[in-house]
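Q: Coordinates for the following, if possible.
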Amino acid sequence: MALSHFYAVNNHFRTNLTRVTRDSQNDVVVAALAALDLMKNEKVHAIIGPQKLEEAQFVIDLGRKTNVPIVSFSATSPSLSPTKNEFFIRTAHDDSFQVKAIADIVKSYGWTELILIYEDTNYGNGLIPYLTDALREVNA
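A: So this is what the prediction gives:
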């Protein structure tokens, strides 16, 4: 639909946009191999995806090394910084935006002590510093 709409609005456009897909199968190595294949063999000019943090870390690094932009709609970990990766474009807010809301809930209930339970992964560990800072601001 997007390609049809693009050409309907831009009927003078002479470059052919082609969609080439690969399935990472939720595997970091498969995602990296698929990205390499797209970059080296298909000669893509951009990659849309990946969806998971671990996949994104590898693919963003490959994109930086090959000057291929990586666009992600769902890689929201604060550890993936577009300011540190010039070829990474995030279309959603990173998860650190959520910590203010959590801190506000804590403040509204007057809680001063909390126990944080989080996923011991790069994703979970990347969010904790932001949450800790937000909770300190509300004296929790």
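
Q: just checking, residue 118 touches residue 124?
A: Yes: counting by C-beta atoms under 8 Å, residue 124 is a contact partner of residue 118 at 4.2 Å. Using the backbone N, CA and C atoms, a C-beta is placed for each residue, glycine as well.

Q: Between these two, which has more neighbouring residues?
A: Using other C-beta atoms under 10 Å as the criterion, residue 118 and residue 124 rank with residue 124 on top: 14 against 11.

Q: Which strand or helix spans the residue nearest to residue 13 when sequence neighbours are not counted?
A: Of all residues beyond its chain neighbours, the one nearest residue 13 is residue 7 (6.7 Å), with distances taken as C-beta to C-beta, 6 or more residues apart in numbering. Under the criterion of DSSP states H and E, residue 7 resides in helix 2-9.

Q: What ranges does the protein have for its strands?
A: 47-48, 70-72, 88-90 (DSSP state E).

Q: Residues touching the longest helix along the chain, excluding its own?
A: When the chain is parsed with DSSP state H, its longest helix is helix 122-137. With C-beta atoms under 8 Å, 6 or more residues apart in numbering as the test, helix 122-137 has contacts from 53-54, 57, 77-79, 95-96, 99-100, 102-103, 106, 114, 116, 118.

Q: Show the buried residues in those residues.
A: Neighbour counting with 16 or more other C-beta atoms under 10 Å marks 53-54, 57, 77-79, 95-96, 99, 102-103, 106 as buried within those.

Q: Switch these over to CSV; also include distance to residue 43 and pLDDT.
A: Shown next, in CSV, are those (distance: C-beta to C-beta, whole Å; pLDDT from 0 to 100):
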residue, distance to residue 43, pLDDT
53, 27, 84
54, 26, 86
57, 23, 89
77, 29, 82
78, 32, 80
79, 30, 80
95, 33, 81
96, 35, 83
99, 41, 91
102, 44, 94
103, 46, 95
106, 50, 96
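
Q: of all the residues you listed, which comes closest to residue 46?
A: Comparing the buried ones among the contacts of helix 122-137 against residue 46 with C-beta to C-beta places residue 57 closest, at 17.9 Å.
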